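A.B. asks: my questions are about this predicted structure, shown below with the sequence.
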Amino acid sequence: NSSAVQVLIENVENLDRAYEFAERCNEADVWSQLGKAQLQQNMVKEAIDSYIKANDPRAYLDVVATATKTESWEDLVRYLQMARKKARDTYVESELLFAYAKTSRFADLEEFISSPNHADVGKIGDRCFDAEMYEAAKLLYNNISNFAKLAITLVHLKEYQGAVDSARKANSTRTWKEVCFACVDNQEFRLAQMCGLHIVVHADELEDLITYYQDRGYFDELMSLLEASLGLERAHMGMFSELAILYSKYKPDKLKEHLELFWSRVNIPKVLRAAEQAHLWAELVFLYDKYEEYDNAALAMMAHPTEAWRESHFKDIITKVANIELYYKAIQFYLDFKPMLLNDLLLVLAPRLDHTRTVTFFTKANHLQLVKPYLRSVQNLNNKAVNEALNGLLIDEEDYNALKTSIDAFDNFDNIGLAQRLEKHELIEFRRIAAYLYKGNNRWSQSVALCKKDNLFKDAMEYAAESKNAEVAEDLLAYFLEHRAYDCFAACLFQCYDLLHPDVILELAWRHNIMDFAMPYLIQVMREYVSKVDRLEEAENLRISEKKETEYKPVVMESQPQLMLTGPAGFPGATGTYNGSAAPPTTGAGATGPGGAGAGTYTIPGQMPSYQGYSM
C-alpha cells in the first residue's frame, strides 16, 4: 500500500486518488506519505488531517514551517496537540503556545502554561510581543514573572496602572522610563509622575526625562514631577538645578522663592546662566551674592536697577567687592539714580574709600554740596582735600562759626591760600578769620594790618601781644595815635605791656598831649620799677650780711692727735727706740729740734699744734 500510494503521488501525481486510496487502506504509513505530499503542495489543512489520521508527529518541523508560512494556525493547533501527546518536545510545546496566541485561544493558553510543560515561555512571549499580540504576551510574561516585559506589554494594552505596578516589581530604570514615556504619550500624568519619581533620582536619566516632557510641551507636568521629587531621600543637586532652570523659563515668579529655599543645593553657575538668559536680574543678583561673586552682583544691580537694586542689599554687597573701582561706579550710579541716598552709601564705603579721589570726583561733578554730611563724618581723618572742600562749602554757606570751628579742629589745609581767599570776602567775620589764619602762621604784620583795616582793634591788640614783637606793638600804637584812638592807645598799653618801652610811651604821650591816657600805664610801670628796686636792695643787704657771717666764723681744727701705726718713744707703750736706734735725748747739749741745733726741745712727730683762730 505504501508503494501504491507512492506511485499515485510521484508518478500519477493525483493527490485526490491518493487520498481515496488512503481512506480505503487507512494505514498510518499511507497517510503519512499522503500528508507529506500534501504539505509540499501547501495543502496545509489536508496534510495536517492526514498526519493526524496517521498519528505521526515526526514531520512537525516541516508542518510548523509551512503552517506559519500560510498562516494556518487553527490547523497547526490540531497537529501540535496530537504531536504533544506523542512526544513532549520543547519545540512542539513552544509552537503550540504561539499557535494558541495566534488563534486567541487564551483560555487554552493559560491552562497550558499553568500545567507542567517544556515550552520556552519567555521566548514565545517575546514573539507574541513582537507580533503585537499583547494579551498573549501579558499571560506569558506574567507566568514567568518577567515584570519588565510585562509592564511594557501592559502599556501597549493601555493598562497603565498595571504597568506601573509591574514596573515597581521589576524595579528597573529602563522599565520605569518606558512606562513613564508611554504614560506621558497617553497623557496619564499621574501615573507618569509615579514612574518619574523613580527616574529623576538617577542623575544620568534626568536630562532624557526633561527633554521628553519638554519636546511634547508638558511643562507644568514636568515641574510638578520635579517639585514632588524634592522631598525624596535620594534627591540630588541636578533635580534642584533643573527645576530652577524650568522656573526661569516657564514660571519666573516662583524662581526667587525656590532659590531662597534651596540655593545651597543648586548648581549655581548653571542656574546663573539660565537666569541671565531669562533676564531675571533680581534672581541673578541673589545667586551672585550666594556664590560670593560680589563684583558681578554689584555690576548687575547697577546695570538693572529697576528690577535688581535694593538699597540695603546693595550696601551690603558693595562693601564686599574686591575691585575698589566699583566704589566709584557705585557713587556715579547713586548720583544718577538715587542722589538723596548718596551720603548713606559714602558712609558705608568710607573705611576703604580714597577720600582725596572722592572729593576730586565730586568737585569735577560740581556736587560737593550734596555730600556735605559725608565730608563732616570723615573730617576727623584730617585729610587735606576733605578739609579744604568742607571749608569751601562753609564759606559758600557763609557759616563763619562752623568755619572757625573746622579751622581750629583740623589744621591740614592750605592756611595761607584760605587766608588770602578770606581777606577779600565781603563779610567782616570771614576777614577776621583771615587775620586769625595769618596770626597762626606767624604773619603778624599782615594779621594786625587786616584787623586795623576792619577796625578790629581788640583782635589787633591781642595779635600784637601774641607776636612778642615790640615793633609790631609800636606800629599799632602809632596807628592809634594817628587816628586819635586814644582809648585804644590806653588799652593797647596794657595789652602789650611786656613789649613796650616806658620812655617811648612817655615821649609819645607828651608829644600828643595825652598824658591822662598814658598815666595809668606809667603809674603801673613806676610801681613795678619801685618794686624791683626794693627787691634788689633786700637782696643786696642779705648778700652782705651772709658775707660778714662767713668772714668772722673761726676755723676749729680737731684737737686730738692723729693716730700713727708706729709711734715714737715717749708715747705710752713706746719701746724707746727711734728709727731703729735709741731715742734721741730730749734735753742736754746734744739735743736738736726741728728748728735747728741746740733748741733744747723735741717735738713728737705726728703731733699737730692747736690754733685759736685768726685775728682781724
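C.D. replies: Yep, it's here.
A.B. asks: Asn323: what secondary structure?
C.D. replies: For Asn323, the assignment made with DSSP: H, G, I helix; E, B strand; the rest coil gives coil.
A.B. asks: in which helix or strand would I find the nearest residue to it once chain neighbours are set aside?
C.D. replies: Nearest residue to Asn323, sequence neighbours excluded (C-beta to C-beta, 6 or more residues apart in numbering): Asp295, at 5.4 Å. Any C-beta I mention is one placed from the backbone N, CA and C, and that applies to glycine too. With elements taken from DSSP states H and E, the one containing Asp295 is helix 294-303.
A.B. asks: immediately after that helix, which helix or strand?
C.D. replies: Moving toward the C-terminus from helix 294-303, the next element (DSSP H and E) is helix 305-308.
A.B. asks: which parts of whatever helix or strand comes next after that following helix are buried?
C.D. replies: For helix 305-308, the following helix or strand on the C-terminal side (DSSP H and E) is helix 311-318. Applying a neighbour-count criterion of 16 or more other C-beta atoms under 10 Å, one finds 313-315, 317-318 buried in helix 311-318.
A.B. asks: what packs against the helix or strand containing Thr68?
C.D. replies: Taking DSSP H and E as the definition, one finds Thr68 inside helix 60-70. If you count contacts as 3 or more C-beta pairs under 8 Å, 6 or more residues apart in numbering; DSSP states H and E, helix 60-70 packs onto helix 28-40, helix 44-54, helix 73-86, helix 90-102.
A.B. asks: from the chain's centre, how far out does stretch 237-251 sit?
C.D. replies: With C-alpha atoms, centre = their mean, to the nearest Å as the basis, stretch 237-251 stands 25 Å off its chain's centre.
A.B. asks: whoops, I mixed them up, stretch 354-365
C.D. replies: For stretch 354-365, the distance to the chain centre is 27 Å (C-alpha atoms, centre = their mean).
A.B. asks: could you list the buried residues of it?
C.D. replies: 355, 358-359, 361-362.
A.B. asks: how about low-confidence regions in the chain?
C.D. replies: 1-44, 49-60, 79, 87, 552-616 (pLDDT under 70).
A.B. asks: going along the chain, name the strands of it.
C.D. replies: 577-578, 581-582, 592-593, 596-597 (DSSP state E).
A.B. asks: and the helix ranked longest in the chain, which residues are buried?
C.D. replies: The longest helix of the chain (DSSP state H) is helix 515-552. Within helix 515-552, the residues that count as buried by 16+ other C-beta under 10 Å are 517-518, 521, 525.
A.B. asks: again, but for stretch 465-472
C.D. replies: For stretch 465-472, using 16+ other C-beta under 10 Å, the buried residues are 465, 467, 469, 472.
A.B. asks: what of stretch 123-131?
C.D. replies: So stretch 123-131, judged by 16+ other C-beta under 10 Å, has buried residues 124-129.
A.B. asks: show me which of these is closest to Trp309.
C.D. replies: Closest approach to Trp309 among those (C-beta to C-beta): Phe129, at 61.9 Å.
A.B. asks: contacting residues for the nearest residue to that closest one once chain neighbours are set aside?
C.D. replies: In space, and not counting its chain neighbours, Phe129 is closest to Ala137: 4.3 Å by C-beta to C-beta, 6+ apart. Neighbour list for Ala137: 101, 125-126, 128-129, 149, 153 [criterion: C-beta atoms under 8 Å, 6 or more residues apart in numbering].
A.B. asks: hmm, back to that, make TSV out of the buried residues of stretch 354-365 and add distance to Val371.
C.D. replies: As requested, those are exported to TSV (distance: C-beta to C-beta, whole Å):
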residue	distance to Val371
His355	11
Thr358	8
Val359	9
Phe361	10
Phe362	6
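A.B. asks: so which of the residues you listed belong to helices?
C.D. replies: 355, 358-359, 361-362.
A.B. asks: relative to Tyr327, which of the residues you listed is nearest.
C.D. replies: Thr358 (8.5 Å).
A.B. asks: and the gap between the closest one and Gln193?
C.D. replies: 59 Å (C-beta to C-beta, to the nearest Å).
A.B. asks: about what we covered before: and the contacts of Ala137, which is closest to Ser531?
C.D. replies: Nearest to Ser531 among the contacts of Ala137, with distances taken as C-beta to C-beta, is Lys149, at 132.1 Å.
A.B. asks: quick one: contacts for the nearest residue to that closest one once chain neighbours are set aside?
C.D. replies: Excluding the flanking residues, the one nearest Lys149 by C-beta to C-beta, 6+ apart is Tyr141, at 4.7 Å. Neighbouring residues of Tyr141 by C-beta under 8 Å, 6+ apart: 122, 125, 129, 147, 149-150, 153.
A.B. asks: from the residues you listed, which two are the most distant?
C.D. replies: Pairwise over the contacts of Tyr141, using C-beta to C-beta, the maximum falls at Phe129 and Phe147, 13.7 Å.
A.B. asks: what comes up buried for the helix holding Thr68?
C.D. replies: So helix 60-70, judged by 16+ other C-beta under 10 Å, has buried residues 60, 63-64, 66-68.
A.B. asks: can I get the residues you listed in TSV with distance to Leu287?
C.D. replies: Shown next, in TSV, are the buried residues of helix 60-70 (distance: C-beta to C-beta, whole Å):
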residue	distance to Leu287
Tyr60	72
Val63	73
Val64	68
Thr66	72
Ala67	69
Thr68	65
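A.B. asks: in terms of distance to Asp75, which of those residues ranks first?
C.D. replies: So of the buried residues of helix 60-70, ranked by how close each gets to Asp75 (C-beta to C-beta), first place is Ala67, at 6.3 Å.
A.B. asks: show me the contacts for the residue lying closest to that closest one once chain neighbours are set aside.
C.D. replies: Computed as C-beta to C-beta, 6+ apart, the closest residue to Ala67 that is not its neighbour in sequence is Leu76, at 3.9 Å. Residues near Leu76 by C-beta under 8 Å, 6+ apart: 44, 48, 63-64, 67-68, 95, 99.
A.B. asks: now for those: which two are most distant?
C.D. replies: Among these, Val44 and Glu95 lie farthest apart (C-beta to C-beta), at 14.0 Å.
A.B. asks: any idea how far the residue nearest to Phe129 is from Ala101?
C.D. replies: 8 Å.
A.B. asks: sorry, back to before: tell me what angle the helix holding Asp295 forms with helix 311-318.
C.D. replies: 140 degrees (axes from the mean of the first three to the mean of the last three C-alpha atoms, to 10 degrees).
A.B. asks: what's around the residue lying closest to Phe181 once chain neighbours are set aside, how many residues?
C.D. replies: In space, and not counting its chain neighbours, Phe181 is closest to Tyr212: 5.8 Å by C-beta to C-beta, 6+ apart. Tyr212 has 19 neighbours, counted by other C-beta atoms under 10 Å.
A.B. asks: kindly report the same for Arg78.
C.D. replies: Neighbours of Arg78 (other C-beta under 10 Å): 16.
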